[in-house]
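Colleague: Got a predicted structure plus its sequence, pasted below:
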Amino acid sequence: MIKIAQNTKEASRVLATLSTKEKDEALFSITKGIEKNKSKILSANTIDIKNARKSNLSPALIDRLTLTPQRIENICESLKQLTKLPDPVGRILSKTTRPNKLRIEKISVPIGVIGIIYESRPNVTVDAASLCLKAGNAVILRGGKESINSNIALYQIMINSLRKTKVPSESIQMIKSTDRKMVNQMLKMDKYIDLIIPRGGKGLIEFVAKNSTIPVIKHSDGICHTYVDKDADIDIAKAVCLNAKVQRPGVCNAMETLLVHKDIAKVFLPQMIDIFRNADVEIRGCRETKKLVPEIKLAKEKDWATEYLDLILSIKIVSAEEEAINHINTYGSCHSDAIITKNSLSSDRFLKEVDSATVYVNSSTRFTDGGEFGLGAEIGISTGKLHARGPMGLEELTTYKYLIFGNGQVRI
């Protein structure tokens, strides 16, 4: 572990000096490597999927783990898009000249070495490494045991690709051991690692935040809500709610709780619940919802604070927008929340008062994604407030420093 960290730190110093062209050439090389080795990647992924089924992982978690030819193509497309994005390093953020003629510039610089600890989504292996590389950062990857074969295959392709470029191959490192002790050791290596970004379930996030001596940017639960206001367009509400829950239920920006204003509930909910049940969604509703549709399950208190990552949805009828906002701010995870309404006063209030990283009007929470936001890929979705919030792209992977230009000035 110490040797890995030392090598990564040394590589980060070289990487920070490279030009945009040199970094983009490395990304192109990685893209070609992945395209040429699709069968190798899929073979490794097949082993992980078989092991996951033996371990009785849920269908939603297996979906997160699964790579297909199309998903590999999506990874390559993200890499290509990344090369088209501006280099976040070296931007002049501000500049001023003081009365004593000192010229001061504030410029963006790489963070240094970033540790990424993530669970069973092998695409994160490439997304995280490529984003860090473009932003001039070296990276140490530690994926979950469920995707270990897929991760190692992708990692080996990436470092082989880097050897054909000016980017040091040590800029991307992977901890191949699935022993949790390695994570403990990694979290104490503040001499070499500048930032830790965990991606995964609540248990992982809490463990990392509690045990790390390195600054942590948390990617917490995705307890996402959609609130259907009394002034909602019902057709829009149906389309958005179905998409937010069903399109890919095992991801963090999927809707977990549906809130519905009492004045529209009798018209909207029976229709919406029928649509959900036709999509195999299990419904857990409050007592008022159960009165409208008696055959659904009664929701428990813990349901409001649960990230299902599955085809399960909790539904609550609220008496006013204020109650919906309070519910979101109480039970939500500050991730992604939406209002469906034609009333601009209601949407304005929702946007101002819901304390989440991304807040939507008349749209699905499934858009909370670096690619969808035009950031290229993303390294995670920060639900904290320092120093990044929401989808973390290139800009969020830099810090800054001050450059001061003088001509013999001394302080009196």
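Modeller: On my side now, so go ahead. Numbering: from 1, shown residues only.

Colleague: Any idea how many residues pack against the nearest residue to residue 234 once chain neighbours are set aside?
Modeller: Sequence neighbours aside, residue 268 is the residue nearest to residue 234 in space, at 5.7 Å (criterion: C-beta to C-beta, 6 or more residues apart in numbering). Every residue, glycine included, has its C-beta placed from N, CA and C. For residue 268, the neighbour count with other C-beta atoms under 10 Å is 22.

Colleague: Isn't residue 268 up against residue 237?
Modeller: Yes: here residue 268 reaches residue 237: they are 6.3 Å apart, a contact under C-beta atoms under 8 Å.

Colleague: between those two, what contacts are shared?
Modeller: Residues touching both residue 268 and residue 237 (C-beta atoms under 8 Å, 6 or more residues apart in numbering) are residue 228.

Colleague: coming back round to it: which SSE is the residue nearest to residue 234 in?
Modeller: Secondary structure assigned from DSSP states H and E places residue 268 in helix 262-278.

Colleague: residue contacts, the residue nearest to residue 304 when sequence neighbours are not counted?
Modeller: Setting aside the residues directly before and after it, residue 304 is nearest to residue 331 in space (C-beta to C-beta, 6+ apart), at 4.3 Å. If you count contacts by C-beta under 8 Å, 6+ apart, residue 331 has them with 223, 257, 304, 305.

Colleague: rerun that using 10 Å as the cut-off
Modeller: Going by C-beta atoms under 10 Å, 6 or more residues apart in numbering, residue 331 touches 223, 225, 256, 257, 301, 302, 303, 304, 305, 306, 314, 316.

Colleague: mind checking pLDDT for the residue nearest to residue 234?
Modeller: pLDDT, residue 268: 98.

Colleague: how much space between it and residue 238?
Modeller: 8 Å (C-beta to C-beta, to the nearest Å).

Colleague: any residues in contact with both of the two?
Modeller: With C-beta under 10 Å, 6+ apart as the test, residue 268 and residue 238 both reach 228, 232, 340.

Colleague: Inside strands: which ones of the residues you listed?
Modeller: Counting by DSSP state E, the part of the shared contacts of residue 268 and residue 238 found in strands is 228, 340.

Colleague: Now tabulate the shared contacts of residue 268 and residue 238 in a markdown table and tack on neighbour count, pLDDT and distance to residue 208.
Modeller: Formatted as a markdown table, the shared contacts of residue 268 and residue 238 follow (neighbours: other C-beta atoms under 10 Å; pLDDT from 0 to 100; distance: C-beta to C-beta, whole Å):
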| residue | neighbour count | pLDDT | distance to residue 208 |
| --- | --- | --- | --- |
| 228 | 30 | 98 | 36 |
| 232 | 25 | 98 | 39 |
| 340 | 29 | 98 | 35 |
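
Colleague: quick one: which of the shared contacts of residue 268 and residue 238 is nearest residue 33?
Modeller: residue 340 (43.8 Å; C-beta to C-beta).

Colleague: For that closest one, give me its contacts.
Modeller: 226-229, 231-234, 236-241, 260-261, 264, 268, 346-347, 360-364.

Colleague: now swap in residue 370 and tell me
Modeller: Residue 370 neighbours (C-beta under 10 Å, 6+ apart): 78, 81-82, 127, 131, 376-381, 390-394, 396.

Colleague: For it, which phi and psi angles does the backbone take?
Modeller: The phi/psi pair for residue 370 (degrees, to the nearest 10) reads phi -60, psi -40.

Colleague: Not counting its neighbours along the chain, what's nearest it?
Modeller: residue 378 (2.6 Å).

Colleague: Where does that neighbour sit: helix, strand or coil?
Modeller: coil (DSSP: H, G, I helix; E, B strand; the rest coil).

Colleague: any idea of the pLDDT on residue 52?
Modeller: On the pLDDT scale, residue 52 gets 96.

Colleague: do residue 379 as well
Modeller: 85.

Colleague: Tell me, how many residues neighbour it?
Modeller: 31.

Colleague: is it fair to say residue 114 lies in a helix?
Modeller: No: counting by three-state DSSP, residue 114 is located in no helix; its state is strand.

Colleague: Next, the contact list for it, please.
Modeller: 8, 12, 128-129, 131-132, 135, 137-141, 193-197, 214, 217, 379, 397.

Colleague: any idea where the helices of the stretch 1-150 of the chain begin and end?
Modeller: 2-15, 20-36, 38-54, 59-65, 69-84, 123-134, 148-162 (DSSP state H, counting those that start in this stretch).

Colleague: Of the ones you listed, which is nearest residue 171?
Modeller: Going by C-beta to C-beta, the one of those nearest residue 171 is helix 2-15, 4.4 Å.

Colleague: That closest one packs against which elements?
Modeller: helix 20-36, strand 103-110, strand 113-118, helix 123-134, strand 138-142, strand 172-174, helix 180-186 (3 or more C-beta pairs under 10 Å, 6 or more residues apart in numbering; DSSP states H and E).

Colleague: got those as a markdown table, with mean pLDDT and distance to residue 2 columns?
Modeller: Shown next, in a markdown table, are these (pLDDT from 0 to 100; distance: least, C-beta to C-beta, whole Å):
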| stretch | mean pLDDT | distance to residue 2 |
| --- | --- | --- |
| helix 20-36 | 98 | 26 |
| strand 103-110 | 98 | 22 |
| strand 113-118 | 96 | 13 |
| helix 123-134 | 95 | 21 |
| strand 138-142 | 97 | 12 |
| strand 172-174 | 98 | 12 |
| helix 180-186 | 93 | 9 |
